[in-house]
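Student: Got a predicted structure plus its sequence, pasted below:
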Amino acid sequence: MINIEEFWADAKDGLSISIQAISFEVWIDKLKPVCFVDGTIVLETISANAKRTIDTKYLDTIKEVVNGLNSSITDVVIILPDQRESYLSKQTVFIKNEGLVISEPPSQRVKKKSPFLEKYTFETFVEGKSNAYALAACKTVAEDPGQKFNPLFIYSGVGLGKTHLLHAIGNLIYKEKPQSNVLYVSAETLVSELISVIRNKSNDENNKFREKYRSCDILMIDDIQFLIGKDATQEAFFHIFNDLYHDNRQIIITSDRSPKDLTTLEDRLRTRFSWGLTVDIQIPDTETRVAILKNKASQMKFDLADDVADFIAENSTTNIREMEGLLNKIVFFSSLTNNIINTRELAAEALSDFIDEKKDTIDASDIVGAVCKYYKISPEDIFSKKKTKNLVEPRMVAIYLITDLLTMPLVQIGEIFGGRDHTTIIHARDKITDEIKLNPRVRITVADIKNMLLNR
Ligand code: ADP
Ligand code: MG
């Protein structure tokens, strides 16, 4: 940044050569440098009389000298003390070799408070196989927004770190490029904002809405699946998306399913979502889950025993938020009883209400009910012999979940499902077990239904 005092001192050196010594002393030496405004240097004198003389006799010489020192300064203005504030509010920060950077007026230059949660950073995000791609993509985008992966589309089941990553990007950009305008909104907020704009029919509000979205450098929309069925918002978002995209602004979107599976979202939006990079976050393996638990525990300054970490990680497999809930209970009970929970047995006892009972209260009809609700099919159909495509998968998923969550003999499961043979049950179970490993959509479906059941 060019220091105006130093710059003016250099200019005076030059002026002292081209202006007679006595005139220099009377008119030039007493001028005070105020600031730069665009390509103009602002100098202050004490009286209107002095200003008149300088303007008429010396202005051209001053212009020549300052321009010789820095070619982007092309004009000079002489002001009186009462104009000082008004010029200062319009001042420009000059960066050497980079031309001009317009700065905000001093009153607004106070650092804005970050809208991002401090605890959600890249440092607190534990990397594992399940999230490595998503993490790398988010870091790239945070370092170089709008350049490589645009839009970045991240999807996963609930509680697997999407919101955490968005805040991490926000926090990093906020720290390193505080002048960037990063906007984070949940799709839910977007919908309600738009409803209010439509309802109020006020042009002013409409303009504010457009301005808010179109002026951002980075737009993050969390949980885009919320736009399903909201046609007006989809339409508005489509235009916002296009404007930002064509302006090379970074767009980051999260969802609970892939663009392909956002089936009821307008095709033109789905297509656009696939223009950039799509990454998913899978369910973390036990090792990563344990690492996450240890990380959270150390943030809470809680000494988490390995056995307890293992126990929690084994009992909460599909949702990190839920797993954190179990850790919080351990921390809470430890502080309450002053008796640190540091063995598997104590942990099992402390969490028994939250783990075993929940599983105990689930029966086959709950599972079938949840599967039918998820796939929007009827129980009669799932139990029937019909082999249509839309029934085969839900039926197999229901069978898989029953074998996974209940201890029910295979023959009995076969009976529930319209007297099917136990080998059919084994086939269904194994098929879904394989699909979970190979097909992210099935994995997410199963995880979501499990969540529906365990978080009732
Ligand atoms: P989502 O938005 O996908 O539903 P969140 O981002 O809200 O999930 O994550 C749920 C919780 O799990 C948060 O507290 C988050 O910090 C934590 N979490 C998820 N993945 C990780 C990870 N890899 N490392 C650390 N914490 C994680
Ligand atoms: Mg979220």
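Tutor: Structure's in. What do you need? Note that the coordinates shown come from a computational prediction; the quantities given were computed from them, not determined experimentally. Ligands and ions are numbered 1, 2, ... in the order given.

Student: The closest residue to ligand 2 within the chain: neighbour count?
Tutor: As assessed by CB to the ion, ligand 2 sits closest to residue 163 within the chain, at 3.2 Å. Just so you know, the C-beta spots here come from the backbone N, C-alpha and C atoms, and that holds for glycine as well. Residue 163 is flanked by 20 other residues according to other CB atoms under 10 Å.

Student: Write out the residues of the stretch 101-250 of the chain neighbouring ligand 2.
Tutor: For the stretch 101-250 of the chain, the residues in contact with ligand 2 (CB under 5 Å from the ion) are 162-163.

Student: For the stretch 101-250 of the chain, just list every one of the strands.
Tutor: Under the criterion DSSP state E, counting those that start in this stretch, the stretch 101-250 of the chain contains strands at 152-155, 182-186, 218-222, 250-255.

Student: what packs against the longest one?
Tutor: Using 3 or more CB pairs under 8 Å, 6 or more residues apart in numbering; DSSP states H and E as the contact criterion, the elements in contact with strand 250-255 are helix 132-143, strand 152-155, helix 162-176, strand 218-222, helix 231-246.

Student: Just name the most buried of the ones you listed.
Tutor: strand 152-155 (a mean of 26; mean count of other CB atoms under 10 Å).

Student: Now do the helix or strand in which residue 8 is found: which elements does it pack against?
Tutor: Here residue 8 sits within helix 4-18, counting by DSSP states H and E. Helices and strands touching helix 4-18, by 3+ CB pairs under 8 Å, 6+ apart, are strand 32-37, strand 40-44, helix 59-69.

Student: next structured bit after the longest one?
Tutor: Later in the chain than helix 59-69, the nearest helix or strand by DSSP H and E is strand 75-79.

Student: Buried residues of that next one, list them for me.
Tutor: Residues 76-79 are the ones in strand 75-79 that count as buried (16 or more other CB atoms under 10 Å).

Student: Format these as CSV; extra columns: pLDDT.
Tutor: Output for those, formatted as CSV (pLDDT from 0 to 100):
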residue, pLDDT
76, 93
77, 94
78, 95
79, 94
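
Student: now the residues you listed in CSV, with distance to residue 175?
Tutor: As requested, the buried residues of strand 75-79 are exported to CSV (distance: CB to CB, whole Å):
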residue, distance to residue 175
76, 38
77, 37
78, 41
79, 37
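
Student: Which pair of these spans the longest distance?
Tutor: The largest distance within these, taken as CB to CB, falls between 76 and 79 and amounts to 10.5 Å.

Student: all helices of the stretch 301-450 of the chain, in order?
Tutor: Assignment of helices within the stretch 301-450 of the chain using DSSP state H, counting those that start in this stretch yields the ranges 306-315, 320-337, 344-351, 356-360, 364-375, 379-383, 389-405, 410-416, 422-438, 440-454.

Student: tell me the angle the helix holding residue 8 makes with strand 75-79.
Tutor: 100 degrees (axes from the mean of the first three to the mean of the last three CA atoms, to 10 degrees).

Student: Run the angle between helix 4-18 and strand 40-44 for me.
Tutor: Put simply, helix 4-18 runs at 80 degrees to strand 40-44, going by the same axes, to 10 degrees.

Student: what's the offset of the next helix or strand after helix 4-18 from the middle of its chain?
Tutor: Sequence order places helix 21-23 as the next helix or strand after helix 4-18, per DSSP H and E. Between the centre of helix 21-23 and the centre of its host chain there is 62 Å, according to CA atoms, centre = their mean, to the nearest Å.

Student: Please name the nearest non-neighbouring residue to residue 8.
Tutor: Distance criterion CB to CB, 6 or more residues apart in numbering; nearest residue to residue 8, sequence neighbours excluded, is residue 33 at 3.8 Å.

Student: List the contacts of that neighbour.
Tutor: By CB atoms under 8 Å, 6 or more residues apart in numbering, the contact list for residue 33 reads 4-5, 7-8, 41-44.

Student: let's see it at 10 Å
Tutor: 3-9, 11-12, 41-44 (CB atoms under 10 Å, 6 or more residues apart in numbering).
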